[in-house]
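S.K.: what would the 3D arrangement of this be:
(one chain, ligands or ions: 2)
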Amino acid sequence: MLIEVSDLSVSYGGLELVRDVSFSLHSGDVLAIVGESGSGKTTVIRAILGCLPHEGRVSGGKVLFEGEDVLAYTPAKWRHLYGTKAAMIFQDSGSMLNPIQRVESQFVEYIREHSPMTKQEAAKAAEAMLKKMHLPNPENVMKSYPFELSGGMRQRVGVAMAMFFEPRLLLADEPTSALDVTTQAQVVKEMLEICRKDKTTIIIVTHNIGVAAYMSEQLIVMREGQIVEAGKTDTIISQPRSAYTKELLKAVPQVGGERYVS
Ligand SMILES: Nc1ncnc2c1ncn2[C@@H]1O[C@H](COP(=O)(O)OP(=O)(O)OP(=O)(O)O)[C@@H](O)[C@H]1O
Ligand SMILES: [Mg+2]
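M.R.: Ligands and ions are numbered 1, 2, ... in the order given. Model prediction:
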């Protein structure tokens, strides 16, 4: 088992807003967490990565990563985990890039923080990774400032950086929702391609049950801080048990005239 979450509860300022979340994943599994705004999706993945906001606290449960209790980690151990074995992609990872520092120098700095490569080696490896994310003209992208790139290209750079060290676990919080629907589908596809090769375990948080259906084999539906439905994605989508899941399914957007979910 790569990750085991059991009865995870999280409180903000003493108020328990996420309760009793449990799931476990093997290497290469893809889990999607869906649910309306405020249902606790981000809170769950932040708790797993030890990066809850200041007022947040894990009030119960356990998180085991490769059998280790990560909730007991020191900040130094977290830093090591993050960046090598686990990585996170945010809604607009592109916006985390410094707009006025060239992609090349940011990517090279990031690589050299976690590995002993020379600048030249790191630059070469970074460019190869951009190519893997199907960025057109990776040499040009390397020389560009983030503000010169489109949102989709910036997000691809963000994904390329997150995947660089072949993390065992990738946590993605609404990784494509800042993009238009067609670009969303492309970026998701490219991300999956890289992850499949590396057998990366993915937890993807999304409002969009269509994206979830496309990417994941396992699905958790959350509402008001709790799991309302969990299981195989196909089963839940073809036979949703809760009225809430049925509602979410009604709201699936279309891609190029086709629904992600039929
Ligand atoms: N920093 C915080 N301080 C206090 N309460 C918070 C904080 N962050 C989140 N919450 C509360 O915790 C609950 C879960 O929020 P969370 O952000 O995890 O939901 P979400 O499912 O990710 O929503 P969205 O789809 O809008 O991103 C909500 O009731 C929210 O108001
Ligand atoms: Mg969120």
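
S.K.: please count neighbours and contacts with C-alpha atoms only from this point.
M.R.: Noted.

S.K.: OK, contacts around His26?
M.R.: Taking CA atoms under 8 Å, 6 or more residues apart in numbering as the criterion, His26 is in contact with 1-3, 201.

S.K.: does Ala87 count as helix, strand or coil?
M.R.: strand (DSSP: H, G, I helix; E, B strand; the rest coil).

S.K.: and the gap between Glu104 and ligand 1?
M.R.: 31 Å (CA to the nearest ligand atom, to the nearest Å).

S.K.: relative to Ala213, which of the contacts of His26 is nearest.
M.R.: Using CA to CA, Thr201 is the member of these that lies nearest Ala213, at 16.1 Å.

S.K.: residues contacting the helix ranked longest in the chain, please?
M.R.: Ordering each helix of the chain by length in residues (DSSP state H) puts helix 181-198 first. Residues from elsewhere that reach helix 181-198 (CA under 8 Å, 6+ apart): 28, 132-134, 152, 156, 159, 163, 166, 176-177, 201-202, 211, 215, 254-256.

S.K.: mind redoing it with 7 Å?
M.R.: Contacts to helix 181-198, defined as CA atoms under 7 Å, 6 or more residues apart in numbering, come from residues 28, 133, 152, 156, 166, 176, 255.

S.K.: pull out the buried members of those.
M.R.: 28, 133, 152, 156, 166, 176 (16 or more other CA atoms under 10 Å).

S.K.: that's a helix at the third one, yeah?
M.R.: It stands for Gly152. Yes - membership of Gly152 in a helix is supported by three-state DSSP.

S.K.: distance check, the residue nearest the centre of the chain against Val205.
M.R.: The centroid of the chain falls nearest to Ala172 when counting by CA atoms, centre = their mean (0.9 Å). Per CA to CA, to the nearest Å, Ala172 is found 6 Å from Val205.

S.K.: report the secondary structure state of Ser6.
M.R.: strand.

S.K.: among the contacts of His26, name the ones in helices.
M.R.: Among the contacts of His26, no member lies in helices (by DSSP H).

S.K.: so which of these wins on neighbours?
M.R.: Among these, Thr201 has the most neighbours (other CA atoms under 10 Å), with 23 neighbours.

S.K.: nearest spatial neighbour of it, skipping sequence neighbours?
M.R.: Excluding its sequence neighbours, the residue lying closest to Thr201 (CA to CA, 6 or more residues apart in numbering) is Gly28, at 4.3 Å.

S.K.: helix/strand/coil for that neighbour?
M.R.: coil.

S.K.: just use 3 as the starting number from now, easier for me
M.R.: Okay, residue one is now 3; in that scheme the one you just asked about reads as Gly30.

S.K.: what residues of the longest helix of the chain count as buried?
M.R.: Under 16+ other CA under 10 Å, the buried positions of helix 183-200 are 185-190, 192-194, 196-197.

S.K.: quick revisit: test my guess that the residue nearest to Thr203 contacts Glu219.
M.R.: No - the criterion here is CA atoms under 7 Å, and Gly30 misses it with Glu219 at 10.4 Å.

S.K.: and Ile205, what helix or strand is that in?
M.R.: For Ile205, the element it lies in under DSSP states H and E is strand 203-208.

S.K.: quick check: neighbours of that strand in the sheet, parallel or antiparallel?
M.R.: Here strand 203-208 is paired, per DSSP bridges, with strand 32-37 (parallel), strand 171-175 (parallel).

S.K.: quick one: residues in contact with it.
M.R.: Taking CA under 7 Å, 6+ apart as the rule, strand 203-208 contacts 29-36, 43, 170-176, 214.

S.K.: check whether it contacts ligand 1.
M.R.: No - against ligand 1, strand 203-208 shows no contacts by CA under 6 Å from any ligand atom, the least distance being 7.3 Å.

S.K.: and that strand, how far out from the chain middle?
M.R.: 5 Å (CA atoms, centre = their mean, to the nearest Å).

S.K.: in that strand, what's buried?
M.R.: 203-208.
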